[in-house]
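Enquirer: What would the 3D arrangement of this be:
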Amino acid sequence: MARVKSGVTTRQRKKKTFRIAKGYYYSKRSRWRQVVQQVERSLRFAYVGRKDRKGDFRSLWIQRINAAARLNNLSYSKFINGLKIAGIMLDRKMLADLAVADPKTFQQLAETAKACLPAGKPPVAA
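Expert: Just a heads-up that it's a prediction; the model follows:
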């Protein structure tokens, strides 16, 4: 059986990892053991960050909807509740986009949500 040399394969594998580590500080970009450790760590953080970003955007949308709803004398929770009762199925991303880009349409949605809310106790003036 012929001898198989693995230099080319090993070099290609290492080059791929070193390319990812480009721009890291000190020996974390040039020494193989540190490069492997840091690249694995970085890729773990990148994975978690992609999941976190979804929650970050949802929070941003909720803040924008809340701000626009309060301009129309509604709280966020009452606005969303009114929309659900009215049967308007818009997700938070679209509502936030309407709040920023088209305030008139958002105001109409707020009026619809207000009309569908049950009449509760009037707010207490302090």
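
Enquirer: hey, let's count contacts and neighbours off CA atoms from now on
Expert: Will do.

Enquirer: Quick check: pLDDT value at P122.
Expert: Looking at P122, its pLDDT is 61.

Enquirer: what stretches of the protein score poorly on pLDDT?
Expert: The chain contains residues with pLDDT under 70 at 120-126.

Enquirer: Which single helix of it contains the most residues?
Expert: Secondary structure of the chain per DSSP state H: the longest helix is helix 32-71.

Enquirer: Show me what counts as buried in it.
Expert: Buried residues in helix 32-71, counted by 16 or more other C-alpha atoms under 10 Å: 35-36, 38-39, 61-62, 64-69.

Enquirer: next one: stretch 105-121
Expert: 106-107, 109-114, 116-117.

Enquirer: Distance from that stretch to the middle of the chain?
Expert: 28 Å (C-alpha atoms, centre = their mean, to the nearest Å).

Enquirer: Give the other helices and strands that the longest helix of the chain contacts.
Expert: Applying 3 or more C-alpha pairs under 8 Å, 6 or more residues apart in numbering; DSSP states H and E, we find helix 32-71 packed against helix 7-20, helix 76-86, helix 92-101, helix 103-116.

Enquirer: hmm, try it at 6 Å
Expert: Counting contacts by 3 or more C-alpha pairs under 6 Å, 6 or more residues apart in numbering; DSSP states H and E, helix 32-71 packs against helix 92-101.

Enquirer: how about G82, what does it touch?
Expert: By C-alpha atoms under 6 Å, 6 or more residues apart in numbering, the contact list for G82 reads 113, 116-117.

Enquirer: Look up how far Y24 lies from it.
Expert: Per C-alpha to C-alpha, to the nearest Å, G82 is found 51 Å from Y24.

Enquirer: Likewise for L98?
Expert: L98 is 41 Å from Y24, by C-alpha to C-alpha.

Enquirer: Neighbour count for those two, which is higher?
Expert: A count of neighbours by other C-alpha atoms under 10 Å puts L98 above the other of L98 and Y24, at 19 against 14.

Enquirer: what separates the closest residue in space to the more buried one that isn't next to it in sequence from S27, distance-wise?
Expert: Distances taken as C-alpha to C-alpha, 6 or more residues apart in numbering put F106 closest to L98, at 5.9 Å, once the chain neighbours are dropped. Distance, F106 to S27, using C-alpha to C-alpha: 54 Å.
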